[in-house]
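**Q** sequence unknown, structure follows:
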């Protein structure tokens with residue numbers, strides 16, 4: 001082989017064949033440096049010690065199985081095959097398996113995810129929510145066939161009105177984390193539950209690993225209702241415990257936390273009921289005492305009749321409602337029928353409407369004329385009464401009298417007009433008096449007074465009216 005001439009590619013192929021025979025499945029321990037990932041998921045890094053450095057490659061198919069993330073400075077043990085990268089002629093180790101040194105892969109992945117989520121604030125105390133005081137429905141995310149579900153149901157069923165909604169999911173193995181996250185999303189978005197318990201019974205770190213997955217942690221953090229994490233036993237801690245609003249040591253304890261809220265409220269209600277019943281009994285006793293004191297009063301005597309009257313009025317009112325509804329329905333039916341008839345009426349109905357309008361206007365005119373005649377008639381009556389008040393007989397009705405000589409209608413105004421033995425007629429309002437002049441006593445004339453003038457004027461007017469009427473007769 002010393003005299004053989006190689007091309008670079010043929011030499012690399014020859015060396016790779018030798019490396020496959022002697023350096024396949026080797027293990028290399030060292031510290032990770034220059035770790036990076038390609039867009040296709042391949043991992044590129046170097047393994048070094050204090051004196052040398054070896055390039056390494058892990059294909060995406062193998063990298064997907066890693067539980068932890070590569071970090072610079074991480075001590076690992078790599079198992080793979082040594083080969084030469086043809087394009088650059090450099091040794092590299094194609095890694096098939098990678099294990100951290102000094103700590104398990106799962107524990108390392110746990111610590112890495114815990115640091116990441118803590119840095120994002122998902123573990124912060126100020127985002128933790130308290131359990132609702134009166135939950136009506138509780139959601140449970142766990143295995144439908146596990147003992148944890150039965151333990152929780154046994155505790156929750158002691159609360160009569162509490163409803164339980166179970167969203168079954170795998171809690172162990174490949175795909176379990178995705179099912180748990182999906183079940184949490186469905187329950188939270190449904191709006192049916194007030195609190196969610198997510199968990200399972202105890203097991204190894206590998207058995208509980210689904211609750212350490214990032215998908216489950218983010219589903220708990222995004223849930224709109226409080227979440228209680230109940231995974232494993234009291235000594236088991238998962239990422240879900242840190243993200244959840246409340247951590248319970250076991251599934252049974254989680255159910256007790258929810259039920260105890262309702263038990264506390266039930267005790268408060270019982271205490272309030274006892275106090276209320278005591279106050280009611282005291283008020284009833286006081287009312288009975290007052291009623292016994294008022295039994296003999298007159299005010300209570302009419303209570304039975306008033307109660308009977310009010311009951312009768314109430315009964316009538318109850319019967320009036322259906323009756324009014326029937327009347328309203330009948331009126332509505334008549335209105336509908338009248339509307340349909342009006343729609344179908346021919347145009348001549350409009351002419352008939354004008355005739356009715358004219359008749360109405362004619363009736364209004366008649367009423368106006370009658371009203372005018374009534375006012376004119378009233379005015380004539382008033383004037384007739386005023387004219388009658390000026391009649392001489394009205395003067396007599398007021399107590400005056402007219403004296404004339406027999407055979408004459410002219411009133412006597414002066415005693416000088418009368419002679420002894422003459423017969424005088426005194427006219428009154430009803431009838432007349434006859435008198436005989438026996439003697440005359442002449443009196444000196446006196447100065448007339450305003451009253452005499454008014455009296456003379458009055459009798460003069462009355463006499464003149466009487467003479468005029470006599471002449472007419």
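**A** Received the coordinates, thanks. Note that the structure is a prediction, hence the values are computed from the model and not measured.

**Q** for the residue lying closest to residue 135 once chain neighbours are set aside, list the residues it contacts.
**A** Closest residue to residue 135 apart from its sequence neighbours, by C-beta to C-beta, 6 or more residues apart in numbering: residue 194 at 4.0 Å. From N, CA and C alone the C-beta is placed, and that goes for glycine too. Residues counted as contacts of residue 194 (C-beta atoms under 8 Å, 6 or more residues apart in numbering) are 132, 135, 136, 137, 138, 225, 226.

**Q** pLDDT at the last one, what is it?
**A** Going back to what we said before, that points to residue 226. Residue 226 is assigned a predicted lDDT (pLDDT) of 94.

**Q** flag every buried residue along the helix or strand where residue 31 lies.
**A** In this structure, residue 31 sits in strand 24-37 according to DSSP states H and E. Across strand 24-37, burial judged by 16 or more other C-beta atoms under 10 Å covers 28, 30, 31, 32, 35.

**Q** what's that strand packed up against?
**A** In this structure, strand 24-37 packs against strand 43-48, strand 53-58, strand 75-85, with contacts taken as 3 or more C-beta pairs under 8 Å, 6 or more residues apart in numbering; DSSP states H and E.

**Q** mean pLDDT lowest for which of these?
**A** Across the helices and strands packed on strand 24-37, strand 75-85 gives the lowest mean pLDDT, at a mean of 82.

**Q** list the helices and strands the next helix or strand after that strand packs on?
**A** Scanning forward in sequence from strand 75-85 by DSSP H and E, the next helix or strand is strand 90-100. Other helices and strands packing on strand 90-100, by 3+ C-beta pairs under 8 Å, 6+ apart, are strand 53-58, helix 60-63, strand 75-85.

**Q** quick one: closest of those to residue 440.
**A** Shortest distance between residue 440 and the helices and strands packed on strand 90-100, using C-beta to C-beta, is found for helix 60-63: 170.6 Å.

**Q** turn the helices and strands packed on strand 24-37 into JSON lines, including mean neighbour count and distance to residue 162.
**A** Formatted as JSON lines, those follow (neighbours: other C-beta atoms under 10 Å; distance: least, C-beta to C-beta, whole Å):
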{"stretch": "strand 43-48", "mean neighbour count": "19", "distance to residue 162": "50"}
{"stretch": "strand 53-58", "mean neighbour count": "19", "distance to residue 162": "51"}
{"stretch": "strand 75-85", "mean neighbour count": "17", "distance to residue 162": "51"}
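
**Q** just put those strands in JSON lines and tack on distance to residue 313.
**A** Formatted as JSON lines, those follow (distance: least, C-beta to C-beta, whole Å):
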{"stretch": "strand 43-48", "distance to residue 313": "92"}
{"stretch": "strand 53-58", "distance to residue 313": "94"}
{"stretch": "strand 75-85", "distance to residue 313": "95"}
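
**Q** to residue 167, which of these lies closest?
**A** Short answer: strand 43-48, nearest of those by C-beta to C-beta, at 35.8 Å.

**Q** can you give me the offset of that closest one from its chain's centre?
**A** 65 Å (C-alpha atoms, centre = their mean, to the nearest Å).

**Q** direction included, what does that strand pair up with?
**A** strand 24-37 (antiparallel), strand 53-58 (antiparallel) (DSSP bridges).

**Q** now the angle from the strand holding residue 31 to strand 90-100?
**A** On the basis of axes from the mean of the first three to the mean of the last three C-alpha atoms, to 10 degrees, strand 24-37 is oriented at 90 degrees to strand 90-100.

**Q** now strand 24-37, how far from the centre of its chain.
**A** Centroid separation for strand 24-37 versus its chain: 66 Å, with C-alpha atoms, centre = their mean.
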